[in-house]
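>>> pasting the sequence and the predicted coordinates here, then a few questions.
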Amino acid sequence: MELVIALALIGLITLLLFSSLRLGTRIWEGVETTAEQTAGSRIARNFLARALIQVRPTRITFEGKQMTVFAGDAENLEFVAPLSEHVGTPGLYILRLTLEEDGRLVLTRRLLHPDVLEETDSIPKWTPFDGDGDISVTGPLDEDLAVGAYGSTLLLDGVEELRIGYFGIPEGQREPEWGPEWLGEPRIPLAVRVHLIAQGRTWPDMLFRLPRFGLAQQSILRDGP
């Protein structure tokens, strides 16, 4: 009888230990998953902060017309900013943020150089973002996060909601205001606000004050006479 009771107690203790081990494993896996998701969102936020505070109000000639390379709507944004040596070719880049239908926030970079703006065997022709048309990223994404004068990189996965707002003085107005898009304007806005829900987490809204320059800092001839 004592042996039976001892075996029963040993079995009960073993079951409790095994259950505790499984619970601890699930908790650890959950912590790792949350940490990875948080790290991905933090990387995206940090990149946006570094890039947007270095926006350059660059004007180029596209199809014979002068235009400022800064445009965006609620889920897409295109602007010019410098990238450092870690991308392989340091310099000013046209950066385009695109929210794909599958919830991927993709960054496409293109060195601000006439040879990179034109179509080649490996680089599609650049056309400015104007709020119309399909700008979904085609082709494979970079696996090394950013090397070379052209490429697309997954900035953040699992984006459930993205809302970009623009604060500035639209052409023809005198007072600044918030709006859901900034298209066809000769100047960049004063500030950009980003609302992001990704991987089940709502981040505090990000507000970026853009640097102030003149109407244009650099001009590049593109498809001009």
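Arrived safely, thanks for sending. Numbers count the residues shown, from 1 in each chain.
>>> check the gap between the residue located most distally from the centre of the chain and residue 11 for me.
Distance from the C-alpha centroid of the chain, by C-alpha atoms, centre = their mean, peaks at residue 1 (68.9 Å). From residue 1 across to residue 11, the span is 16 Å (C-beta to C-beta, to the nearest Å). Every residue, glycine included, has its C-beta placed from N, CA and C.
>>> try residue 192
63 Å.
>>> which one's more surrounded, these two?
Neighbours were counted for residue 192 and for residue 11 using other C-beta atoms under 10 Å; residue 192 has more, 24 against 10.
>>> so the more buried one makes contact with residue 164?
Yes: using C-beta atoms under 8 Å, residue 192 is in contact with residue 164, at 6.5 Å.
>>> and for these two, which residues touch both?
Any residue near both residue 192 and residue 164 by C-beta atoms under 8 Å, 6 or more residues apart in numbering counts here, and that gives 72, 77.
>>> now do the helices in the protein.
Ranges of helices within the chain are 2-52, 114-117, based on DSSP state H.
>>> for this structure, just list every one of the strands.
Ranges of strands within the chain are 59-62, 65-68, 71-72, 76-83, 91-99, 105-111, 150-156, 159-168, 177-179, 191-198, 201-202, 206-209, 219-222, based on DSSP state E.
>>> can you list contacts of the fourth one?
Under the criterion C-beta under 8 Å, 6+ apart, residues 51-52, 54-58, 69-72, 90-99, 109, 112, 128-129, 135, 146, 164, 188, 192 lie in contact with strand 76-83.
>>> any weak-confidence spans in this protein?
Applying pLDDT under 70 to the chain flags the ranges 4, 16, 18-21, 23-41, 85-88, 133, 138-140, 143-147, 213-225.
>>> one step back: out of the contacts of strand 76-83, which are buried?
Neighbour-count burial within these applies to 51-52, 55-58, 69-72, 92-99, 109, 112, 128-129, 135, 146, 164, 188, 192; the criterion is 16 or more other C-beta atoms under 10 Å.
>>> look up phi and psi at residue 210.
With angles defined as degrees, to the nearest 10, residue 210 sits at phi -80, psi 150.
>>> can you tell me the closest non-neighbouring residue to it?
Excluding the flanking residues, the one nearest residue 210 by C-beta to C-beta, 6 or more residues apart in numbering is residue 55, at 5.1 Å.
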